[in-house]
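Participant: how would this look folded up:
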Amino acid sequence: MRFGSSKADPAKAGVSSAPLTRHSSGFEQFCSALRNSESQSILDMSGASQANISFITGLGHRISSDDITGTMEECFGRDFVEGQQAAANAQRFIDQTLTFADHSFDGALVWDSLQYLVSPLLDQIVAQLLRVMRPGGLILAFFNADEKATRIPVYNYRIQDQKTLLQIPRGSTQRAQHFPNRSIEKLFQQAASLKFFLTRDSLREVIVRR
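Facilitator: Numbers count the residues shown, from 1 in each chain. Got it, this is the predicted structure:
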């Protein structure tokens, strides 16, 4: 379990420092699956928060937290893309990320953390993510869909209710790559299925079934 604070200045990066509230159809469906299941083990990759813990345990499930974005800040510095090019930084990140036993989780709230990585590190982390998921488990992930953006915001995600999330800005970083649907499908080609959700903002939502 790791905690991190952004080293970037949101104002200088052109990113609002005010929390944003957004409706998430992907999270709503993720919650529907939880309501129809008993005693699930969920991984929250946005770091530990009382809001998320209370919501998941309130549904009768267990939750573990891993602040993957905080680990990126520790290992890569201010700009994730540049920092992960160094082999030592990438290996340090791998050693500290998703260090769980095989098939530990029934669900994973990955949020937007994967979009900050580039291959081959991205592929290694996705492989690790699939490894810790149980067959049939669900993964919720977001990807920035603004093709013109050269820098993208970094957020913590806090659950408000089964349809609503609070995005708490923690700076911005250089864009790693663009993720159209085809690229996401290729990234999760070892998974059983993917479902994409239309959104009104710049985030592309997807649920991956292990």
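
Participant: and Lys76, what does it touch?
Facilitator: Quick fix: residue 76 reads Phe, not Lys. Remark: with contacts taken as Cβ atoms under 8 Å, 6 or more residues apart in numbering, Phe76 is in contact with Glu82, Gly83, Gln84, Asn89, Phe93. Glycine gets a C-beta too; all of them are placed from N, C-alpha and C.

Participant: Go again with 6 Å.
Facilitator: When contacts are counted by Cβ atoms under 6 Å, 6 or more residues apart in numbering, Phe76 touches Gly83, Gln84, Asn89.

Participant: same check, this time on Asn181
Facilitator: When contacts are taken as Cβ under 6 Å, 6+ apart, Asn181 is in contact with Phe196.

Participant: Show the pLDDT at it.
Facilitator: Per-residue confidence (pLDDT) for Asn181: 94.

Participant: for Pro135, same thing?
Facilitator: pLDDT at Pro135 comes out at 97.

Participant: in which helix or strand would I find Gln128?
Facilitator: Assessed by DSSP states H and E, Gln128 sits inside helix 121-132.

Participant: In terms of secondary structure, what does the following helix or strand past that helix contact?
Facilitator: Taking DSSP H and E as the definition, the helix or strand that follows helix 121-132 towards the C-terminus is strand 133-144. Packed against strand 133-144, as judged by 3 or more Cβ pairs under 6 Å, 6 or more residues apart in numbering; DSSP states H and E, are the following elements: helix 25-35, strand 105-111, strand 203-209.

Participant: Helices of this protein, start to end?
Facilitator: Remark: helices of the chain, listed N- to C-terminal, are 25-35, 50-58, 68-76, 80-83, 87-96, 121-132, 181-187; assignment by DSSP state H.
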